[in-house]
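let me see the structure of the following:
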Amino acid sequence: MHKERRAIKHMKAFTQYLAFNTKEKIEFINITDKIQEIVSESQIKEGLCLASAMHITASVFINDEEDGLKKDFKKWLEELAPSGKKYFHNLTGENNAHAHLKRTIMGREVVLPVTAGKLDFGPWEQIFYGEFDGQRPKRVIVKILGV
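Numbers count the residues shown, from 1 in each chain. Coordinates of the predicted model:
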């Protein structure tokens, strides 16, 4: 096991936002390269990167970049939280309860280590923006903390 110990001096924070307005109501977008660009721009070499959806019907998650898997996610999420079902939330005049539930299943954010100025992934890991009630403007915050 490799251990590294360093004193943290002058920790920096760097924040940027990504904007989305998807063409589909439900869509998965690979944002790995965009997040890495932000990490590089931050000039932070060692630290943590948070990427978080700023809307209650959107998600940021980590998984494999594979078209069949994205289709499986859509099918699975629709089975768990069907868009046509009657929900109490929809009695308020909304029609997106299913999107709230899908977001809860997929999660709000990811936190990744930054090592030597790069996102430090495991094999096949990629970052995705998941949209469950799209076709309108939404944002993701990206915050990098470190030295």
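
please make it C-alpha for all contacts and neighbour counts, starting now.
Will do.

neighbours of E125, how many?
For E125, the neighbour count with other Cα atoms under 10 Å is 14.

tell me the pLDDT of it.
With respect to pLDDT, E125 scores 98.

next one: H2
68.

same check, this time on R136
Per-residue confidence at R136 stands at 95 (pLDDT).

quick one: what helix or strand has it in it?
In this structure, R136 is located outside every helix and strand according to DSSP states H and E.

how about L112?
Element membership for L112, per DSSP H and E: strand 109-115.

list the buried ones in that strand?
Counting neighbours by 16 or more other Cα atoms under 10 Å, one finds that the buried residues in strand 109-115 are 109-114.

which ones are touching the residue nearest in space to the middle of the chain?
To find the centre residue of the chain, average its C-alpha atoms and take the closest one (Cα atoms, centre = their mean): that gives V60, at 1.5 Å. V60 makes contacts with 51-53, 106-110, 127-130, as judged by Cα atoms under 8 Å, 6 or more residues apart in numbering.

that one pairs with what?
On the basis of DSSP bridges, V60 takes part in beta bridges with Y129.

how close does it sit to K12?
V60 sits 23 Å away from K12, taking Cα to Cα, to the nearest Å as the criterion.

what are the contacting residues of the top helix by length along the chain?
Longest helix in the chain by number of residues, with DSSP state H as the criterion: helix 67-80. Applying Cα under 8 Å, 6+ apart, the external contacts of helix 67-80 come out as 26, 28, 102.

how does it look with 7 Å?
K102 (Cα atoms under 7 Å, 6 or more residues apart in numbering).

give me the secondary structure label for E24.
coil (DSSP: H, G, I helix; E, B strand; the rest coil).
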